[in-house]
Structure formats: structure tokens, C-alpha cells
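Novice: Return atomic coordinates for the entry below.
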Amino acid sequence: QVQLVESGGGLVQAGDSLRLSCAASGRTFSSYAMGWFRQAPGKEREFVAFVGWNGNNTYYADSVKGRFTISRDNAKNTVYLQMNSLKPEDTAVYYCNARAPGASDWGQGTQVTVSS
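Specialist: Model (predicted):
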């Protein structure tokens, strides 16, 4: 099991940027694939971005492709989500997810609000 703590959310205007961080505990961070998900009010949680254990493989939801970048620093046990050109529809609670065979751990989430 890995404990995850997200940070970096906030209130911004459309077109602004934010960088989310997710700090993980445990010595096996580098063995986990990491992802970001989000949940807007009244909607289901949805996939945003994924990065493989070594950072070489990344995948994005079509809605964020070209605007968001996921990365990880295994030396710091941290995964990042750089969000550029934010839109009001990006408003949601953003959750970090750590995934390994037989395991899936979630953070508590960080609120991102984008005003128009």
C-alpha cells in the first residue's frame, strides 16, 4: 500500500496554468504506474492522465491532450500534472492514483476551480 497526498490546486482564471503534485510514501513508488483522475460535481470520476513506472509511457484523455502533461520523479516519490490553458470545464477535484498488480490506492484529492 502507498499513501498519496495531492497539492497544488486552487482557484484560477480560464487560460491560466496550475501544477498539481502528488507525494507518495513508501519505498516501492517506482514500481507503481501513476495516474490522475478528476471528478466534477454531479459527475462520475474520470481518467485524466497516466504515466508508467519509468516515466516513458504517458496517456491522456482526449479532453486534456495537448494542454496537460503528466510526469514523475521517482527520486522524490512524486508525480506531477502540469495543466495549461485551463478551461472552466476542467473544474473538479483531482485525485492521484497509484496502481500495481492487485493494488490501487487513492489520495484525498485537491480542488481545482477555473473561472470564466
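
Novice: the strands in this structure, which residues?
Specialist: Applying DSSP state E to the chain gives strands spanning 4-7, 10-13, 18-24, 33-39, 46-51, 58-60, 68-73, 78-83, 92-100, 103-106, 110-115.

Novice: quick one: strands adjacent to the helix-or-strand element of the chain with minimal mean pLDDT?
Specialist: Of the helices and strands making up the chain, the lowest-confidence element is strand 103-106, at a mean of 92, by mean pLDDT, DSSP states H and E. According to DSSP bridges, strand 103-106 has the following sheet partners: strand 92-100 (antiparallel).

Novice: For residue 100, which non-adjacent residue is closest in space?
Specialist: residue 32 (5.0 Å; CB to CB, 6 or more residues apart in numbering). To be clear about C-beta, it is placed using only N, CA and C from the backbone, and glycine gets the same treatment.

Novice: bridging residues for the spatially most central residue of the chain?
Specialist: Here the mean C-alpha position of the chain is nearest to the C-alpha of residue 36 (CA atoms, centre = their mean), at a distance of 3.0 Å. The residues paired with residue 36 through beta bridges, assigned by DSSP bridges, are residue 49, residue 96.
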